[in-house]
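# All I have is the shape, not the residue letters:
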């Protein structure tokens, strides 16, 4: 084979492969196709809810299993001015707001939060990227907070609004937020954690308060929580999918 | 004219007619149940080993699912291209890692396994068209989608996993129900005789493959290993990585020695499957590919001259 013909054939093969890859990508990333695939997400969630006891506890580990290197992901040092001001004051002015579809909206400072029924647990954190780490989390159980606020009958989800802007280019939609249903909200291991490994939560891990919702992937565990809003639905919030990463294609049900 | 009552089996066989067409030697069924078979020889043991319609459907479903699971799995792997043992990730002691580093003038990609490091620039760690190369563990041509999107990869992977689960369940049920799995895949006592094992090995090494007949020893061991060991292990190790499944069924992780070990096993299982599929396809191409392909897809009867 002459060199020129070889080059030509090689170019043809490369062009063919590139066309194939881009055709695959068009199909793979197509909105309708992905919506269809998300049907599997509902199937997975439904199956988990049917097969598994809703109160099943995630495994808890001995202190000796605590990871020496617990990676921090997402925002690790929010630049938002209101957050910087709070952090500068040692979070003395921090207030956790609980509102929305509740009978008695709450505004809790850290002392009030620490006075609430607490739980301490050593659990494994699984990042959607694939890595895992174990830590001891201590915080107020979410269920008693909700009964103090009094959920209204039409409340179905809790939306966690956060201080950090993870995508500054997206304007208001760049703010981190998350949402969970009442099955997870009332689970005994679901905490508003203010301590990690026995010390106040550090900024990289979501100071002063982060959500622990064991049995789901890391991105559900909202850091820097400022407000918990009880809602009947979340389609009106941000881009409507119930969370920062959900708005960017990730599953709302992050049990897998 | 008398219309016979429709039995479910009749309806099923009608529905599956396009698949089952000529799967068995053409038989003429006369009223009264008398069957005329034009070729008495074709009802021998070999015919009993031919894949039935359920096996063929299950094979198609499994093949299609794995075809999607492998590249979408690599997309997911690319989000954190390192593997660990045990329950958690000790980030400084990954036993396998793919990455890229700046070597002065140019970026190089590497694959590190244990203490050994290979330069894999262009394929692993650092790849892409000239001028547009980027840091990515597996190259664009190996992932679904080609561009970097963990979310899309997960959408595909978690949907296609249903196809594998259902396909494998159908395959195993069909194989166990009819005894086909035992007859066609479990090695016979005769095959395990030392002389027969050596003969089979020699036949494979010299690529003198048997023309017809049931599966030989290595084939049986490979197929059996994949359907009762590797594929089920892929499903269990996949489930182990789900935090919700792990909470309800911690044994899924424990059987591998922890979640990160399960993730490693999932990756190694995928490598085994790639090797298996490669050999499977080469063997198919070497041994009357069209006839074999027809046998596993349409179920057309093997013709004899």
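Received the coordinates, thanks. Just so you know, these numbers come straight off a predicted model, no measurement behind them. Numbering: from 1, shown residues only, chains lettered A, B, ... in the order given.
# so where does the residue of the stretch 201-305 of chain B found nearest chain A fall, helix or strand?
Nearest to chain A in the stretch 201-305 of chain B, going by CB to the nearest CB, is residue B:244, at a distance of 3.1 Å. C-beta: built from backbone N, CA, C; applies to glycine. Under the criterion DSSP states H and E, the helix or strand holding residue B:244 is helix B:243-248.
# about what we covered before: check what pLDDT the residue of the stretch 201-305 of chain B closest to chain A gets.
If you check residue B:244, the pLDDT there is 97.
# Can you give me the first-to-last residue distance of stretch B:220-234?
End-to-end distance of stretch B:220-234: 20 Å, with CA to CA, to the nearest Å as the criterion.
# Please list the outside residues in contact with that stretch.
Residues from elsewhere that reach stretch B:220-234 (CB atoms under 8 Å, 6 or more residues apart in numbering or on different chains): B:62, B:164, B:168, B:171-172, B:175, B:181, B:184-187, B:191, B:215, B:265-266, B:269-270, B:272-273, B:276, B:279-280.
# Also stretch B:81-92?
With CB under 8 Å, 6+ apart as the test, stretch B:81-92 has contacts from A:61, A:65, A:67-69, A:71, A:124, A:131-134, B:93-99, B:137-138, B:253, B:257-261, B:263-264, B:267.
# what comes up buried for it?
B:81, B:82, B:83, B:84, B:85, B:86, B:87, B:88, B:89, B:91 (16 or more other CB atoms under 10 Å in any protein chain shown).
# Quick one: the strands in the chain, in order.
In the absence of a named chain, chain A is used. A:96-100, A:106-108, A:118-126, A:132-141, A:157-165, A:175-181, A:191-196, A:199-200, A:210-212, A:225-231 (DSSP state E).
# nope, chain B
Going by DSSP E, chain B shows strands at B:28-29, B:35-36, B:82-83, B:96-103, B:106-113, B:116-119, B:125-127, B:134-136.
# correct me, but residue A:73 touches residue A:218?
Yes. Applying CB atoms under 8 Å, one finds residue A:73 in contact with residue A:218, separated by 6.5 Å.
# With neighbour numbers in mind, choose between those two.
Each of residue A:73 and residue A:218 has its neighbours counted (other CB atoms under 10 Å in any protein chain shown); residue A:218 has more, 21 against 15.
# Can you read off the pLDDT for the nearest residue to the more buried one once chain neighbours are set aside?
Once flanking residues are discounted, residue A:218 sits nearest to residue A:127: 4.3 Å by CB to CB, 6 or more residues apart in numbering or on different chains. Among the per-residue scores, residue A:127 shows a pLDDT of 98.
# ok now do residue A:127, which residues does it touch?
By CB under 8 Å, 6+ apart, the residues touching residue A:127 are A:71, A:73, A:217, A:218, A:219, B:80.
# For the stretch 101-250 of chain A, what lies in contact range of chain B?
Contact residues, the stretch 101-250 of chain A versus chain B (CB under 8 Å from any CB of the partner chain): A:124, A:126-134, A:214-217, A:245, A:248-250.
# List the residues that contact the closest residue to residue A:91 other than its chain neighbours.
Once flanking residues are discounted, residue A:91 sits nearest to residue A:208: 4.2 Å by CB to CB, 6+ apart. By CB under 8 Å, 6+ apart, residue A:208 lies in contact with A:86, A:91, A:94, A:110, A:194, A:200, A:201.
# do you know how far residue B:258 is from residue B:217?
36 Å (CB to CB, to the nearest Å).
# in the stretch 1-150 of chain B, which spans are helices?
Using DSSP state H, counting those that start in this stretch, the helices of the stretch 1-150 of chain B run over B:8-15, B:17-20, B:45-49, B:53-78, B:150-177.
# now those helices in TSV, with mean pLDDT, distance to residue A:162 and mean neighbour count?
Converted to TSV, these look like this (pLDDT from 0 to 100; distance: least, CB to CB, whole Å; neighbours: other CB atoms under 10 Å in any protein chain shown):
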stretch	mean pLDDT	distance to residue A:162	mean neighbour count
helix B:8-15	43	54	10
helix B:17-20	41	54	13
helix B:45-49	57	61	13
helix B:53-78	96	26	20
helix B:150-177	95	20	20
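# Of these, give the one that comes closest to chain A.
helix B:150-177 (3.3 Å).
# now the closest one against helix B:53-78, angle please.
On the basis of axes from the mean of the first three to the mean of the last three CA atoms, to 10 degrees, helix B:150-177 is oriented at 150 degrees to helix B:53-78.
# got any ranges where the chain has weak pLDDT?
No chain was given, so I picked chain A. For chain A, applying pLDDT under 70 flags the ranges A:1-3.
# try again with chain B
The model of chain B has pLDDT under 70 over residues B:1-49, B:210-213, B:300-305.
# Domain parsing of it, as residue ranges.
Annotated domains of chain B cover B:28-81+B:138-298, B:85-137 [automatic domain parsing].
# Can you report how many residues lie near residue 130?
All of this is about chain A. Neighbours of residue A:130 (other CB under 10 Å): 23.
# switch to chain B, that's the one I care about
Residue B:130 has 5 neighbouring residues, counting by other CB under 10 Å.
# OK, contacts around residue 76?
All of this refers to chain A. By CB under 8 Å, 6+ apart, the neighbours of residue A:76 are A:203, A:204.
# hmm, I had chain B in mind actually
Residue B:76 touches A:130, B:150, B:153, B:154, B:157, counting by CB under 8 Å, 6+ apart.
# if we take those residues, which one ends up nearest to residue A:151?
Closest approach between those and residue A:151, by CB to CB: residue B:154, at 31.6 Å.
# The nearest residue to that closest one once chain neighbours are set aside and residue B:128, how far apart?
Leaving aside its sequence neighbours, residue B:154 sits nearest to residue B:76 (CB to CB, 6+ apart; 6.1 Å). As judged by CB to CB, residue B:76 and residue B:128 stand 19 Å apart.
# can you check residue B:136 too?
In this view, residue B:136 and residue B:128 are 8 Å apart by CB to CB.
# So those two - more neighbours on which side?
Counted by other CB under 10 Å, residue B:136 and residue B:128 do not tie: residue B:136 has more neighbours, with 23 against 13.
# who are the neighbours in contact with the residue lying closest to that one once chain neighbours are set aside?
In this structure, residue B:136 finds its nearest non-sequential neighbour in residue B:78, 5.7 Å apart by CB to CB, 6+ apart. Applying CB under 8 Å, 6+ apart, one finds that residue B:78 lies in contact with B:136, B:137, B:138, B:143, B:148, B:150, B:153.
# Looking at these, spot the one nearest chain A.
residue B:150 (6.7 Å).
# what's the closest non-adjacent residue to that closest one?
Nearest residue to residue B:150, sequence neighbours excluded (CB to CB, 6+ apart): residue B:79, at 4.4 Å.
# My read is that the one you found contacts residue A:217, right?
No. Using CB under 8 Å, residue B:79 makes no contact with residue A:217, being 11.7 Å away.
# which residues are in contact with both of those two?
Counting by CB under 8 Å, 6+ apart, the contacts common to residue B:79 and residue A:217 are residue A:128.
# Which of the two has more residues huddled nearby?
The neighbour count for residue B:79 versus residue A:217, taken as other CB under 10 Å, is higher for residue A:217 (24 against 18).
# what's the neighbour count on residue A:134?
Around residue A:134 there are 21 residues (other CB under 10 Å).
# Quick one: residues contacting it.
A:61, A:65, A:66, A:67, A:70, A:122, A:123, A:124, A:125, B:87, B:88.
# Swap in 6 Å and give it another go.
Taking CB atoms under 6 Å, 6 or more residues apart in numbering or on different chains, we find residue A:134 in contact with A:61, A:65, A:66, A:67, A:124, B:88.
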